[in-house]
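Enquirer: Let's see this in three dimensions:
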Amino acid sequence: MPRFFGHPLGGLQPARSGYVEVADAGGGRRRQGPTPARLYWEEYGAPAGRPLFLLNGGCSKIPLMGNVIQVALERGYRVLIHESRGIGRSSCQVAGRQTSTLLAADAQAVADGAWGPDSRFVLYGISLGGLVGQELMYRLVAAGQKSRVLAAWLMVTGPGSWLRPPPFLQLPLMRMAFKPTAAPAAAAPAAAPAASPAAAGGADEATNGKLSLAKGGGGAMFADDADFAARYSLESLFSNAWLDSPAPPEAIDPAAGAAGKAAVAGAVPEVHINVGADGAAAVAGGSGGHVLTRREAVWRVFKTHWRDMLALHGPSDFPAVACQLTSLLGHYLQPHRAAIIRAAGLRISVGVSTADAFFPEAAQRQLATALGAEVVQVVGAGHLDGAMLDGAYSAFDGGLGWLSASKQ
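Expert: Modelled structure (predicted):
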């Protein structure tokens, strides 16, 4: 049974891990010869499991997808996941603009290096990983290797646009958006931050009108734990309706004891767990009671493990994240490429968020149409509603699960 409390990987350890060295063509217009980039990867699950290649989102390290990995293993998969060049344990010696085409070449190098050049897998791409997944499918189809993709799930992502900033502006724009703040914020609040109209709907000019990852201004990088606790906006990744609904029973630590639960959820000292018909975990005790919300469960994980999950530590992560996210500004799935993927007959499903702060619902549905997706599934309203806690079941019990179980 998955464990959605504590570290997002729930105590899982990789069955294998390693590095793949690739030619570093970052920077786009650089003229000197390539220098090496090293991409770190991990594999989870039993060797007999169905192979799933998980492409992570932007600013993300492997543990951010820990809940998805746990559910995938429960569903009989083995998972290969890597950290993008310059992020986490992967290195990149050229600081410059990156593209989804470059990152797709990296992803193929990881799959080839870890599983072999003839390996076949289910493809799972989320957010930026969905952009990379589009390019990876095109690469494989164009190379006559379409059979390698057993099925594909692209979630909270889009096709990009032909109207995009010129290449020479993309890196400066991202450096503006993610520039670290000049000084740490005030001390962390004692409890999970409540949603506010400004946090839920405010726009940040540096992110082109989209929600910022940080509240109250400043760059979307954080100086230390206190700065993160004071300014990080859960509402940038999750819908308020999802955050304020009851958490699943897997989010409650049965070994925490009464004091630990009371500290997290505000429960009374004597704690009992009751699971209702809707699967929500109610924490109650004594003469009063408290329902643990997803907001409290997710905030505890993020507040404690954010450096393991997110590449948002200003002093160390800023340059690499700015380079990585230029691939968002530059991506465009050209119609002829979409047509080639569609004509190849790949089995594709698309997960849609209805109020995503980063990819409009219309763009997500446009991608599904362009690729001829067999299944279009609403996975929530927020960007990661379908990837954290019990939301991680959405793909495996929905579109991806149906594609994988149905006959070719």
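
Enquirer: Sketch out the helices for the stretch 101-250 of the chain, chain order is fine.
Expert: Ranges of helices within the stretch 101-250 of the chain are 128-142, 167-177, 197-201, 225-231, 240-243, based on DSSP state H, counting those that start in this stretch.

Enquirer: of all these, which lies closest to V68?
Expert: Proximity to V68, assessed across these by CB to CB, is greatest for helix 128-142 (10.9 Å). Yep, even glycine has a C-beta here, placed from its N, CA and C like the rest.

Enquirer: Could you name the helices and strands sitting against the closest one?
Expert: For helix 128-142, the elements it packs on are strand 50-55, helix 100-115, strand 121-126, strand 149-155, helix 326-330, helix 335-343, helix 361-371, judged by 3 or more CB pairs under 8 Å, 6 or more residues apart in numbering; DSSP states H and E.

Enquirer: related to what we said a few turns ago, just the helices of the stretch 101-250 of the chain: most buried one?
Expert: helix 128-142 (a mean of 25; mean count of other CB atoms under 10 Å).

Enquirer: Taking strand 149-155 as reference, get the angle to that one.
Expert: Angle between the axes of helix 128-142 and strand 149-155 is 150 degrees (criterion: axes from the mean of the first three to the mean of the last three CA atoms, to 10 degrees).

Enquirer: what's the angle between helix 128-142 and helix 361-371?
Expert: 10 degrees.

Enquirer: For helix 128-142, what does the pLDDT average out to?
Expert: Average pLDDT, helix 128-142: 98.

Enquirer: could you dump the helices of the stretch 101-250 of the chain to TSV with distance to A362?
Expert: Output for the helices of the stretch 101-250 of the chain, formatted as TSV (distance: least, CB to CB, whole Å):
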stretch	distance to A362
helix 128-142	15
helix 167-177	23
helix 197-201	19
helix 225-231	30
helix 240-243	20
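
Enquirer: Quick one: closest of those to E374.
Expert: Minimum separation from E374 across the helices of the stretch 101-250 of the chain (CB to CB) falls at helix 128-142, 14.2 Å.

Enquirer: of all the helices of the stretch 101-250 of the chain, which lies closest to A37?
Expert: Between A37 and those, the shortest separation by CB to CB is 15.0 Å, and it involves helix 128-142.

Enquirer: Taking strand 121-126 as reference, get the angle to that closest one.
Expert: Here helix 128-142 points in a direction 140 degrees away from that of strand 121-126 (the same axes, to 10 degrees).

Enquirer: quick one, phi psi at P8?
Expert: phi -60, psi -20 (degrees, to the nearest 10).

Enquirer: go on, R16?
Expert: Listed backbone geometry of R16 is phi -150, psi 160, with angles given as degrees, to the nearest 10.

Enquirer: that's a strand at W41, yeah?
Expert: Yes: read with DSSP: H, G, I helix; E, B strand; the rest coil, W41 is one of the residues of a strand.

Enquirer: who touches the nearest residue to it once chain neighbours are set aside in this structure?
Expert: Distance criterion CB to CB, 6 or more residues apart in numbering; nearest residue to W41, sequence neighbours excluded, is H82 at 3.9 Å. For H82, the contacting residues are 20, 39-42, 56, 62, 90, 106-107, 110, by CB atoms under 8 Å, 6 or more residues apart in numbering.

Enquirer: So which of those residues is the closest to G345?
Expert: Of all the contacts of H82, the one sitting nearest G345 is A107; the distance, using CB to CB, is 21.4 Å.

Enquirer: The closest one: neighbour count?
Expert: 26 (other CB atoms under 10 Å).
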